[in-house]
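Colleague: no FASTA, just this:
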């Protein structure tokens, strides 16, 4: 299966880091990204089908950023979310 991505159709990718996990939404199914995420050990990654988001433990953030760059041809924005503490 061939994937063609033009600069016009390049999605904006935001990776959110919170609670020791880095989450990256998938704007569409990208087979090569999916195959690359398998580099991360199974216990360190998870897929949320309802939000179409891959999450990896923060230790694998570099892998997630590299995959976004390689397969979406764009530098992702990494946002570190603060945990809210109930008073």
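Modeller: Arrived safely. This is a predicted model, so every value here is computed, not measured. Numbers count the residues shown, from 1 in each chain.
Colleague: quick one: the strands in this protein?
Modeller: 14-18, 21-25, 45-48, 53-57, 77-80 (DSSP state E).
Colleague: what's the average pLDDT for the last one?
Modeller: Here the mean pLDDT over strand 77-80 is 92, rounded to a whole number.
Colleague: now the second one
Modeller: Across strand 21-25, the average pLDDT comes to 93.
Colleague: partners of it in the sheet?
Modeller: Paired neighbours of strand 21-25 in the sheet (DSSP bridges): strand 14-18 (antiparallel), strand 53-57 (antiparallel).
Colleague: now do that strand: distance to the chain's middle.
Modeller: 5 Å (C-alpha atoms, centre = their mean, to the nearest Å).
Colleague: residues of that strand that come out buried?
Modeller: Within strand 21-25, the residues scored as buried using 16 or more other C-beta atoms under 10 Å are 21-24. Glycine gets a C-beta too; all of them are placed from N, C-alpha and C.
Colleague: which residue is nearest the centroid of this protein?
Modeller: The centroid of the chain falls nearest to residue 24 when counting by C-alpha atoms, centre = their mean (2.7 Å).
Colleague: including distance to residue 51, could the buried residues of strand 21-25 go into a markdown table?
Modeller: Output for the buried residues of strand 21-25, formatted as a markdown table (distance: C-beta to C-beta, whole Å):
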| residue | distance to residue 51 |
| --- | --- |
| 21 | 13 |
| 22 | 14 |
| 23 | 8 |
| 24 | 11 |
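Colleague: the lowest-mean-pLDDT helix or strand in the chain - contacts with which helices or strands?
Modeller: Least confident helix or strand of the chain, by mean pLDDT, DSSP states H and E, is helix 31-37 with a mean of 83. Counting contacts by 3 or more C-beta pairs under 8 Å, 6 or more residues apart in numbering; DSSP states H and E, helix 31-37 is packed against helix 61-72.
Colleague: so where's the protein uncertain?
Modeller: Low-confidence segments of the chain (pLDDT under 70): 1-10, 27-29, 83-87.
Colleague: let's go with 50 and repeat that
Modeller: 1-7 (pLDDT under 50).
Colleague: show me the beta-bridge partners of residue 46.
Modeller: Going by DSSP bridges, residue 46 forms beta bridges with residue 55.
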